[in-house]
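Asker: task: produce atomic coordinates for the following.
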Amino acid sequence: MKPAAVKRWVALALAAPLLLGACGTDTGKDAAAPAAGTAQTQNVKNVSEISAGSTFNDTDVMFLQMLVDNQEQGLEMVEIAAERAQRPEVVDFAKAVQATQNDEISMMKNWLTEWGKPTKVDERVSLHADHGGMPSTGDQEIEALRTVGKGKFETAFLNLFLAHQHNAVEMAGLELDKGGNELAKSYAERVKQSRSDQVQQMLKLLNG
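Answerer: Residues are numbered from 1 along each chain as shown. Sure, this is the predicted structure:
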């Protein structure tokens, strides 16, 4: 497959789950689902098998490592939200993020393994801050979502996750500026767009 075709494949595959929920498309039982065997469903199924190639630099590695960590934390948060949120639109938002980020984490870990690099970061907070980003979300902040009062949960979750996804936008900006791998940069562009969209959606949910 030609590089340009693979870049389009990455963009379509990673966009599909988000478009089914987090960007406002109907996620109810009557919503139209992609037919089995379509390009969309096939691409999403195989997104973790995409190879990034052998050309990369330190920024590519750092971007993927930071984003794996960011998204693993994000999954913890949206799993809590899917269980504790009261409004259906917040639950749908959380579930859409779950579907998208599970696939993305598998893809990023595979790329790092291809390059012979660790998939984990050693010093989470300093790694974010030292490269111009906000400090990463703390484990205690995530744990607090499990115990915050029912009436305050959605506000607490949305505020925390909004800042968390804004951090992902900053990571993507760093990759777009200094990254060397074309697929990693294409993915960073997708992250920048999708997380920015999520931030806007969360602001609407907070004001709703």
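Asker: run through the chain and note the low-pLDDT ranges.
Answerer: 1-46, 48, 122-136 (pLDDT under 70).
Asker: okay, which residue is most central for the chain?
Answerer: With distances taken as Cα atoms, centre = their mean, Gln101 lies nearest the centre of the chain, 4.6 Å away.
Asker: which helix or which strand is home to that residue?
Answerer: Element membership of Gln101 [criterion: DSSP states H and E] is helix 88-114.
Asker: re the thing from before, my guess is the residue nearest to the centre of the chain contacts Gln71. True?
Answerer: Yes - with contact defined as Cβ atoms under 8 Å, Gln101 reaches Gln71; the gap is 4.6 Å. All C-beta atoms are positioned from the backbone trio N, CA, C, and that covers glycine.
Asker: now do the same contact list for Arg116.
Answerer: Slight slip there: residue 116 is Gly, not Arg. By Cβ atoms under 8 Å, 6 or more residues apart in numbering, the contact set of Gly116 is empty.
Asker: now it: phi and psi?
Answerer: phi 70, psi 30 (degrees, to the nearest 10).
Asker: look up how far Glu79 lies from it.
Answerer: According to Cβ to Cβ, to the nearest Å, Gly116 and Glu79 sit 31 Å apart.
Asker: and the helix holding Gln101, how far from the chain's centre?
Answerer: Its chain's C-alpha centre and that of helix 88-114 lie 5 Å apart, by Cα atoms, centre = their mean, to the nearest Å.
Asker: for that helix, buried residues please.
Answerer: Neighbour counts over helix 88-114 (16 or more other Cβ atoms under 10 Å) mark 90-101, 103-105, 107-112 as buried.
Asker: could you do stretch 145-152 as well?
Answerer: Buried residues in stretch 145-152, counted by 16+ other Cβ under 10 Å: Leu145, Val148.
Asker: and what of stretch 70-84?
Answerer: Buried residues in stretch 70-84, counted by 16+ other Cβ under 10 Å: Asn70, Gln71, Gln73, Gly74, Leu75, Glu76, Met77, Val78, Ile80, Ala81, Ala82, Arg84.
Asker: which single one of these is nearest to Ile50?
Answerer: For those, the closest approach to Ile50 (Cβ to Cβ) belongs to Gln71, at 16.4 Å.
Asker: residue contacts, that closest one?
Answerer: Gln101, Glu104, Ile105, Met108, Ala168.
Asker: wait, the third one sits on Val68?
Answerer: Yes - with contact defined as Cβ under 8 Å, Ile105 counts as touching Val68 (5.9 Å).
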